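Asker: fold the following, please.
(2 chains)
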Amino acid sequence: DAGVTQSPTHLIKTRGQQVTLRCSPKSGHDTVSWYQQALGQGPQFIFQYYEEEERQRGNFPDRFSGHQFPNYSSELNVNALLLGDSALYLCASSSGLGPQHFGDGTRLSIL
Amino acid sequence: DQQVKQNSPSLSVQEGRISILNCDYTNSMFDYFLWYKKYPAEGPTFLISISSIKDKNEDGRFTVFLNKSAKHLSLHIVPSQPGDSAVYFCAASDVNYGGSQGNLIFGKGTKLSVKP
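Answerer: This is a model prediction of the structure:
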């Protein structure tokens, strides 16, 4: 039973570029949440998708957008990249009242 | 303003002894609390959770205690093993979309080192 999978593992971009990160949820999960983790900090909530709609959003600018597909997989898009967007991006999936299960993340570096 | 606080950045414990990790929160609306363990280069792994209607939950070597009046929870690991060495995150949630958990708010983590 595959857990949450994320791609790519690592990514290097330059300021001003755009990036798309991908996530496949754990089998049986229908809800996908995205988090940003800076060095030495806990993960910070970006947004959550359920039934292909953004259900809840954290304190992130509109440059951060997402999508959920009918098979429950999800994408995180970031436009006009800034140096401060360098972080580990984590995807988590869940179902009902169950706990969120995380993937291993995408390490994004902005030069 | 940090709503979930883990005031100890690190903790060192001898193998076989008890590890106690602490977490404080400020939002009395939080109704669900979780502990995650994170190894380097891996995502957080769910360990154990507790609902606000309970004050204790056990799973093998792991026990979580919740003191709502003090807005404090703790994770006890007994006995501690070298493989438990990792960063432990406390997380809380205050949203329930009619049967589904919303966003998690995390502390900054405590790095646990279990020495053989």
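Asker: so, low pLDDT: which residues of the chain?
Answerer: Using chain A. Counting by pLDDT under 70, chain A contains low-confidence ranges at A:1.
Asker: actually it's chain B I care about, not the one you picked
Answerer: If you take pLDDT under 70 as the line, chain B has these spans: B:97-99.
Asker: all strands for it, in order.
Answerer: B:4-5, B:10-14, B:19-25, B:32-38, B:45-51, B:56-59, B:62-67, B:72-77, B:86-93, B:105-106, B:110-115 (DSSP state E).
Asker: surely residue B:61 meets residue B:83?
Answerer: No - in this structure residue B:61 lies outside contact range of residue B:83 using C-beta atoms under 8 Å: 10.9 Å. Any C-beta I mention is one placed from the backbone N, CA and C, and that applies to glycine too.
Asker: how many other residues sit next to residue B:19?
Answerer: Residue B:19: 24 surrounding residues under other C-beta atoms under 10 Å in any protein chain shown.
Asker: I meant to write residue B:1 there.
Answerer: Neighbours of residue B:1 (other C-beta under 10 Å): 4.
Asker: re earlier: of the strands of chain B, which is nearest chain A?
Answerer: Taking C-beta to the nearest C-beta, strand B:105-106 is the member of the strands of chain B nearest to chain A, at 3.1 Å.
Asker: distance of the most centrally placed residue in chain A relative to chain B?
Answerer: The centroid of chain A falls nearest to residue A:34 when counting by C-alpha atoms, centre = their mean (3.4 Å). Per C-beta to the nearest C-beta, to the nearest Å, residue A:34 is found 10 Å from chain B.
Asker: and the residue of chain A found nearest chain B, what does it touch?
Answerer: Nearest residue of chain A to chain B, counting by C-beta to the nearest C-beta: residue A:42, 3.1 Å away. Residues in contact with residue A:42, defined by C-beta atoms under 8 Å, 6 or more residues apart in numbering or on different chains, are B:4, B:89, B:91, B:106-109.
Asker: closest to residue A:47 among these?
Answerer: residue B:106 (15.5 Å; C-beta to C-beta).
Asker: the closest one reaches residue A:43, doesn't it?
Answerer: Yes - the pair residue B:106 / residue A:43 is scored as a contact, 5.1 Å apart, by C-beta under 8 Å.
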